[in-house]
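> Here you go, sequence then predicted model.
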Amino acid sequence: MMSEYVGGAAVKVGMDKAVSHLMENQFYPFESIKILNRLDMSIVIDICPVQIENEMIMLVRANKAYHRSVIEKNSEHIAFQLREQHVYDGQEFSLVECVDRHSKQDQPVEWRQWRFKWVGNSPINGHSYPLPSVKLSQINMAVTSDRVELQNAS
């Protein structure tokens, strides 16, 4: 397996898949929010909404107070609530998980995209797979350009 750097990301290139990893993610403007888990209890997750064309990509990660599996165990409930709160009519919605908690500083961050079967407004059968490097590059470009625009405005 070999690695190459694309848009600030180390991309592990295997036989038939590309797995995206980000070495440093401190430039992502995550904010903590409270939502409900599958047991209807309040939990805190970190989110970073990214708008790319007509798609709302919601970057999520487990808050420091929770184990990193909180996203995996509650993916359908998280997707439903975030879509209801942040997506407007006609927009596409993607949930992308940043798995960086409980890992060593020198280890790359894993990015997973979640897919759901949507029945009306309800997501079911959620499963994740490695985020393609092209998508991670698009996210990196969108976040970087948003930060440049904010700096220029101030």
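On my side now, so go ahead.

> How about residues contacting the helix or strand harbouring residue 45?
Using DSSP states H and E, residue 45 sits in strand 42-52. Taking CB atoms under 8 Å, 6 or more residues apart in numbering as the criterion, the residues outside strand 42-52 that touch it are 28-37, 56-63, 65-66, 70-71, 74, 78, 82, 86, 138-139, 142-143, 146. No exception for glycine: its C-beta is placed from N, CA and C like everyone else's.

> From those, which land in strands?
Of those, the ones assigned to strands by DSSP state E are 31-36, 56-62.

> For PyMOL, what selects the buried ones among the contacts of strand 42-52?
Buried residues among the contacts of strand 42-52 (16 or more other CB atoms under 10 Å), as a PyMOL selection:
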select buried, resi 28+30+35+37+56+57+58+59+60+61+62+63+66+70+71+74+78+82+138+139+142+143
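
> the helices in this protein, which residues?
70-73, 75-86, 133-153 (DSSP state H).

> Which other helices and strands does the second one contact?
Think helix 75-86. Judged by 3 or more CB pairs under 8 Å, 6 or more residues apart in numbering; DSSP states H and E, helix 75-86 is in contact with strand 31-36, strand 42-52, strand 55-62, strand 92-99, strand 109-119, strand 122-130.

> now, among the ones in strands among the contacts of strand 42-52, which is nearest to residue 98?
residue 61 (4.1 Å; CB to CB).

> how many other residues sit next to the closest residue to the closest one other than its chain neighbours?
Sequence neighbours aside, residue 98 is the residue nearest to residue 61 in space, at 4.1 Å (criterion: CB to CB, 6 or more residues apart in numbering). Neighbour count for residue 98, taken as other CB atoms under 10 Å: 22.

> rewinding a little: relative to the strand holding residue 45, what are the paired strands and their orientations?
The strands beside strand 42-52 in its sheet (DSSP bridges) come out as strand 31-36 (antiparallel), strand 55-62 (antiparallel).
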